[in-house]
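> Give the three-dimensional model of this entry:
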Amino acid sequence: MNHDMKLEETVGLVRDCASRMNSQYGRVVFDEWVVVSLKEHQARIFAYLGPRNDDFLKNFANDLGALRTALLDGDFAVGDFEFARHAVGTRFEAFMVLGPGLYLICNNTQSSMDEITKDSRWLSAQVPFAELSDKFRSSPLAFSV
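As a prediction, the model looks like this:
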């Protein structure tokens, strides 16, 4: 049964996904998980899980880095995701489309995706991420902003 995902439900699913990915990987995969709206080219944060609460929005445009073109291109369906292989430091490693103009930004402030994927445990750590993607594909995040 399809239903619109609520923000509170989304945050719970994201926390669960992060925990499961970290467990599969043996350490933290992404230390930042952010639900953001990019409607009308304005970034609005609706949920932030990570170490840079105050600095996150201030550095958002710069940290979008390699994902900027893909994200702003808008050629993605709900549940689709993209990884930036060479993003380093606070530059974002991944995003997932949660609903119209709504995204989950994932980041590891210490490693790049290139480094993360060199560990063979990355293959099993991807499973919870793909499962999260499927949940949003069938029940997009929807709320008025």
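
> switch to C-alpha atoms for all contacts and neighbour counts from now on
Noted.

> Low-confidence ranges, the chain, go.
1-2, 41, 66, 72, 74, 85-89, 143-145 (pLDDT under 70).

> biggest helix in it, by residue count?
Secondary structure assigned by DSSP state H gives helix 7-25 as the longest helix of the chain.

> So which bits of it are buried?
By neighbour count on 16 or more other Cα atoms under 10 Å, the buried set for helix 7-25 is 10, 11, 14, 17, 18, 19, 20, 21, 22, 24, 25.

> again, but for stretch 136-145
Going by neighbour count (16+ other Cα under 10 Å), the buried part of stretch 136-145 is 136, 137, 139, 140, 141, 142.

> hey, where'd the helices end up in the protein?
7-25, 53-56, 60-64, 68-73, 113-117, 122-138.

> can you put the ones you listed in JSON lines and add distance to residue 33?
As requested, those are arranged in JSON lines below (distance: least, Cα to Cα, whole Å):
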{"stretch": "helix 7-25", "distance to residue 33": "7"}
{"stretch": "helix 53-56", "distance to residue 33": "11"}
{"stretch": "helix 60-64", "distance to residue 33": "13"}
{"stretch": "helix 68-73", "distance to residue 33": "16"}
{"stretch": "helix 113-117", "distance to residue 33": "15"}
{"stretch": "helix 122-138", "distance to residue 33": "12"}
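
> between those, which gets nearest to residue 45?
helix 53-56 (9.3 Å; Cα to Cα).

> CA atoms of the closest one as PDB?
Presented in PDB, the C-alpha positions along helix 53-56 are these (Å, rounded to 0.1, in the frame of the first residue of the first chain):
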ATOM      1  CA  ASN A  53      24.800  21.300  12.800                       C
ATOM      2  CA  ASP A  54      25.800  25.000  12.700                       C
ATOM      3  CA  ASP A  55      28.100  24.900   9.800                       C
ATOM      4  CA  PHE A  56      26.200  22.700   7.500                       C
END
